[in-house]
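1. Curious how this folds, go ahead:
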Amino acid sequence: MANLNKNQSSALDAVLSGHNVLITAGTGKSFLISEIVKTCENQGKIVALTCTTGIACSVYTDMTLKANTLHRWSGIEDAPHKLWLKVGAVILLRNLSNKLVNGIRGDVISISEDGPVVDFHSVGIQAPMKKIQFTVFSLRDNKDIAVREQLPLKLAFAITIHKAQGMTLDMVEVDCRGIFKPGHLGVAMSRARDFCGLRVTNFTQRACMPQPDIVKDFINQPSQTFSEDLSCCQETLR
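-> Residues are numbered from 1 along each chain as shown. Sure, this is the predicted structure:
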């Protein structure tokens, strides 16, 4: 087992004891989560490592961890059954390398019988695209129950804030009309490398939604004292 500090070791022990644990930013959480997954698997437990975005999955570079987006893990795939492409903007739907990750945007520069060539200018890579396997995962059976092949691309002249999480972009235009949750605007604006590359359109005060009190209360409350019968993990925030 890798060297964990005192707090990380306590968190690992809590998970192994069956407790729910919230690991916040700035605590070495990616490293700790990797160790939790490996330790649980070594003990014969079935573990699923899920992330909200493909960018977040790419943090876990150890391929044995099999990090998946929630959509992919739950059997919901993004790959279209019928894909229409032309020279222009597309978005990548699957992590292909440490640089070519789910959500990165590129431009189709040519199309041939062998497939399209895409220029991912943000990472300085031009790559021919080949079909890959997309699967449907069954939570009940804990296995893939369907497999098909498709190019990991989708037309995208814009991307959602959700898809953009974790990206650092030179040029960003944020359209506020679709914002419907607290934190959306902050996540979108923080994708820009600096203010010179940021433009915000259709802004209204409604886009600056405060977090609900239940979220603030949850973040600010002290850690629970662990109970051996796990009753501490069954309490709800009121």
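
2. can you give me the helices for this protein?
-> 6-16, 29-42, 54-57, 70-73, 161-164, 184-189, 213-220 (DSSP state H).

3. could you check the distance from the closest residue to Asn95 other than its chain neighbours over to Gly166?
-> Spatially, and ignoring its direct neighbours in sequence, Asn95 is nearest to Val101 (4.8 Å; C-beta to C-beta, 6 or more residues apart in numbering). (Glycine included, C-beta is placed from N, CA and C.) Distance, Val101 to Gly166, by C-beta to C-beta, to the nearest Å: 9 Å.

4. Touching both of the two, which residues are there?
-> Any residue near both Val101 and Gly166 by C-beta atoms under 8 Å, 6 or more residues apart in numbering counts here, and that gives Ile55, Ser58.

5. Between those two, tell me which one has more neighbours.
-> It is Val101, of Val101 and Gly166, that has more neighbours when counted by other C-beta atoms under 10 Å, with 22 against 19.

6. got a list of what that one touches?
-> Gly54, Ile55, Cys57, Ser58, Leu92, Asn95.

7. For this protein, which segments count as strands?
-> In the chain, the strands defined using DSSP state E lie at 50-51, 68-69, 88-92, 105-112, 115-120, 125-128, 132-138, 143-150, 153-155, 172-175, 198-201.

8. how about these in CSV, adding mean neighbour count, distance to Ile219 and mean pLDDT?
-> CSV is the format used below for these (neighbours: other C-beta atoms under 10 Å; distance: least, C-beta to C-beta, whole Å; pLDDT from 0 to 100):
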stretch, mean neighbour count, distance to Ile219, mean pLDDT
strand 50-51, 18, 20, 86
strand 68-69, 20, 24, 79
strand 88-92, 19, 32, 84
strand 105-112, 15, 32, 91
strand 115-120, 19, 36, 94
strand 125-128, 14, 39, 94
strand 132-138, 15, 32, 79
strand 143-150, 12, 37, 82
strand 153-155, 17, 35, 87
strand 172-175, 16, 25, 93
strand 198-201, 13, 27, 94
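
9. Save these as TSV, and put in distance to Met189 too.
-> As requested, these are exported to TSV (distance: least, C-beta to C-beta, whole Å):
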stretch	distance to Met189
strand 50-51	22
strand 68-69	23
strand 88-92	20
strand 105-112	17
strand 115-120	23
strand 125-128	26
strand 132-138	32
strand 143-150	33
strand 153-155	24
strand 172-175	6
strand 198-201	6
